[in-house]
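Asker: pasted the sequence and its predicted model underneath.
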2 protein chains.
Amino acid sequence: MVQKELAVEASRLTTEPYLASRHFFQVKEQIEKTSIFDIIRMMPKGGILHLHDSSIAPLDWVIKNLTYLPNLYTKKREGSVPREFQFSQTPLSAEEGWENVAHLRAIEKEYTCNDASIQICNKSFEEILMSELSLVTPDPYNTYKSENVIWNKFGDYFSTISGLRNSLETAEMYLLKALEDLYDDGVQYAELRDGDLFDANGTDITDDYMRLVDRVVNEFQMTHPDFLGIKFILTGSRAFSEQRMQQQVDRIIERTKKFPDLVKGFDMDAHEDVYHKIRFYLDELIRNDTSDLPFFFHAGETAWTQGADMNLVDAVLLNASRIGHGFAALKHPKVMETIREQGIVIEVQPLSNQVLGFVNDMRNHPASHFIANNDRICISSDDFALWGALPLSHDFYMAFMGLGSSKDDLRLLKQLAINSIKFSTMTQAEKIDAMHKWQWRWTVFIDEVITKYHLL
Amino acid sequence: MVQKELAVEASRLTTEPYLASRHFFQVKEQIEKTSIFDIIRMMPKGGILHLHDSSIAPLDWVIKNLTYLPNLYTKKREGSVPREFQFSQTPLSAEEGWENVAHLRAIEKEYTCNDASIQICNKSFEEILMSELSLVTPDPYNTYKSENVIWNKFGDYFSTISGLRNSLETAEMYLLKALEDLYDDGVQYAELRDGDLFDANGTDITDDYMRLVDRVVNEFQMTHPDFLGIKFILTGSRAFSEQRMQQQVDRIIERTKKFPDLVKGFDMDAHEDVYHKIRFYLDELIRNDTSDLPFFFHAGETAWTQGADMNLVDAVLLNASRIGHGFAALKHPKVMETIREQGIVIEVQPLSNQVLGFVNDMRNHPASHFIANNDRICISSDDFALWGALPLSHDFYMAFMGLGSSKDDLRLLKQLAINSIKFSTMTQAEKIDAMHKWQWRWTVFIDEVITKYHLL
């Protein structure tokens, strides 16, 4: 393993670009050809502690499955969001711009295909959908000249996907695909942010969704007994009014009581540089009945100073157990000191930070300093589906090759996997069981690597 | 001033790229249009403590002046260095590929011009020279896909320029142009790395060059009495053999004795990731007669860990007064602690680090953490001529807008100017005089800004 790392390291002396120093979109295929990536793919990585539940299935799967379901309508929109989707038993108004997706595909077939196969005909519609949903582009530096350009597109995705997975039926299909992919990628556990589900009429079906998740995960565990489960950190948006955040806190407290094994805390998300800071909601967050509500704040997901990074101060003051991103923490020596003293865990998301414009060369990611300093971190993947990554392998590759030192070896990867269990919201008993199940897979993994790479 | 900073800061909320977050080559013109840059241009910035003496005059000046001198020959070369120059009273061998530059220009005129003016005819030859010498390109991310690509071109420059300023006559022209530009840019003092001069026959004319610099600076001070002077930190290359480094240390010790007011210490340079580490030369550096030789090491100019960054450990152990770049220092908590305890100064070179591929978005430059932590730093510009920057204004802009916090104001700029005097190799008496001369210009500057921007 160390030998392989050193082999790739030779790029230091050549003019070959070092993969972990370049933008993911430009080197993904090259990364996937390396033996280090192959080994990381095989590795049992523990859990993902920071993942948003509407971006966990691959976009090509979404397009090939959810958009082929019957009774789906789509409407192109003015403004930034390119299109919305809605399932409806009764046809939606053509006057309001709604078009039946199946009909759209048939028309396109007539227009462009004549005798060619449907698959080829549909390609261009699917390509359009893909380009609308995915953040991938061959020239990211020139396509996304500022953070806001990509954040706007990022936000659009969530508006579009919500019409495709806002029923228990499609949410179940979506979740099941995600579970399969997580498991295939060596991920045994996930903590999902967001978690709310509203149907097409705006009715809150989150309770039903929680029960569904519980059932689907249980069924999945029947066939995958070493899968450890899913938990939720329910989330409000920084775009909420104070009143709406108040209601959200109420709802989440209620759900932590109703689903104590499943719902583990509260977070708030959305582009920190643009929307309200944590302090805007202080009255809503500090109440008698929030004293038992564990906080997990997105904070310091910013390259700026003296702005959104002030969320770090509030996250620490509000006793957050973990901080999402914490990208700016090093710029605040006092905050960093407190994070270290209080053992607060930073959820590091290498690819998310790169794709969303916070860092280019991974070796300059602040987490390279966290790792050098033995800080408490875990590696997550935030919204991997949007940038065409696997659930955790690409982020682990970047952590291993970009954030860790050149001399960090398998022990770094192992520690990161252990961290993901140790710093999770699982109970002590669950963690002991989880460590056993992970340890067993780790032993198998080591054997497999030794065999495959003839290391003995 | 603060208001202006906040005005530019509005880019946080728009899709306009934040200038200090983009590559200098792509935003230089926009930066130059801002009032913040205008004010930084006017500002007396103290001194530059890290500057290489063969890259301190603008390349267009070099081409328009040095390459128009008579008896200049040029030869295109195989391999990486595109061409070399040599002045010679007797014609150089055409069989060996030498061509007279004036003749080349005349031929080109015949070929391409007919009746057009010489200026236009020569343009293409000058454009070729510029593209060979300059690192500037409109699409740096795609042009320079790895650090080594740009470092090779960077190295080629020094080979090419050496043929143009290797006589006392051309070195004087070059130096005088540099002094004028430094002074115009509000720079009152410079410490030059390298300093060796060998003529076309390979004869060491460094002593003569030192005397020349002394005379030229004295003459310059007649007409610019608040110019504080030039000092040298003579430098060996990391590409040297141990034996050659031994000789270089001998030469430099000799010159510190011969020119005690001018030659202030020893450094070693060249691409750290590729050439020898400091430790390779330990025997040559630790000798009885080096105990009085002040060390100023380039160290940690790397995005890697556990490689060239080990130079940081040696620089600290060898009691370097200042460290050139120190880009990787934060990845070594113990080294950083020692740097802080011992008050070692880090020479930060924002644009150099960006152009040479160590950092993209300035807000991720490790020096943003140094500034947040009140570490002892100075801002220099390394080899500004190669990337078409002014001697210090563009680097100060990047430091102010990219490295400092959004709320850092004029006091940051003032502190950086003060640091450049305080941390220089000037004697105590010289520093007192320097502070007076800088303070006087600072007062004038504040008055000028108030008048120009109607701040009263």
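Answerer: All right, it came through fine.

Asker: which SSE is the residue in the stretch 151-300 of chain A that chain B sits nearest to in?
Answerer: Per C-beta to the nearest C-beta, residue A:273 is where the stretch 151-300 of chain A lies closest to chain B, at 5.6 Å. C-beta here means a position set from N, CA and C on the backbone, and glycine is covered the same way. Assigned by DSSP states H and E, residue A:273 falls within no helix or strand.

Asker: report how many residues lie close to it.
Answerer: 16 (other C-beta atoms under 10 Å in any protein chain shown).

Asker: ok, and the closest non-adjacent residue to it?
Answerer: Take residue A:273 and drop its neighbours on the chain: the residue closest to it by C-beta to C-beta, 6 or more residues apart in numbering or on different chains is residue A:308, 4.8 Å away.

Asker: what's the distance between the one you found and residue B:407?
Answerer: 13 Å (C-beta to C-beta, to the nearest Å).

Asker: quick one, which of those two is more surrounded?
Answerer: Neighbour totals were compared for residue A:308 and residue B:407, and residue A:308 leads with 25 against 13 (other C-beta under 10 Å).

Asker: can you pull the contacts of the more buried one?
Answerer: A:272-273, A:277, A:300-302, A:328 (C-beta atoms under 8 Å, 6 or more residues apart in numbering or on different chains).

Asker: closest to residue A:222 among those?
Answerer: Distance to residue A:222 across these (C-beta to C-beta) is lowest for residue A:301, with 37.6 Å.

Asker: shouldn't the closest one be in contact with residue A:329?
Answerer: No. With contact defined as C-beta atoms under 8 Å, residue A:301 does not count as touching residue A:329 (10.6 Å).

Asker: re the thing from before, helix, strand, or coil at the residue nearest to residue A:273?
Answerer: coil (DSSP: H, G, I helix; E, B strand; the rest coil).

Asker: ramachandran coordinates for it?
Answerer: Residue A:308 adopts backbone torsions of phi -60, psi -20, taken as degrees, to the nearest 10.

Asker: tell me which parts of the stretch 251-400 of chain A are close to chain B?
Answerer: A:273-274, A:303-307, A:330-333, A:358-361, A:363-366, A:368-369, A:372-373 (C-beta under 8 Å from any C-beta of the partner chain).

Asker: double-check that residue A:347 belongs to a strand.
Answerer: Yes. Remark: residue A:347 belongs to a strand, assigned using three-state DSSP.

Asker: which element follows the helix or strand of chain A with the lowest mean pLDDT toward the C-terminus?
Answerer: Sorting the helices and strands of chain A by mean pLDDT, DSSP states H and E puts helix A:2-9 at the bottom, at a mean of 52. Next in sequence after helix A:2-9, counting helices and strands by DSSP H and E, comes helix A:24-32.

Asker: how about the strands in chain A?
Answerer: Secondary structure of chain A (DSSP state E): strands at A:46-52, A:72-76, A:83-87, A:98-100, A:187-194, A:229-237, A:263-269, A:296-299, A:322-325, A:345-348, A:377-379.

Asker: could I get the CA-only coordinates of the longest one as CSV?
Answerer: Right, strand A:229-237. Output of strand A:229-237 as CSV, limited to C-alpha atoms (Å, rounded to 0.1, in the frame of the first residue of the first chain):
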residue,chain,number,x,y,z
GLY,A,229,-28.5,1.5,9.6
ILE,A,230,-29.6,5.0,8.8
LYS,A,231,-30.2,7.9,11.2
PHE,A,232,-31.5,11.4,10.6
ILE,A,233,-30.3,14.8,11.6
LEU,A,234,-33.4,16.8,10.7
THR,A,235,-32.6,20.2,9.3
GLY,A,236,-34.0,23.7,8.8
SER,A,237,-32.9,26.1,6.1
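
Asker: many thanks, we can stop here.
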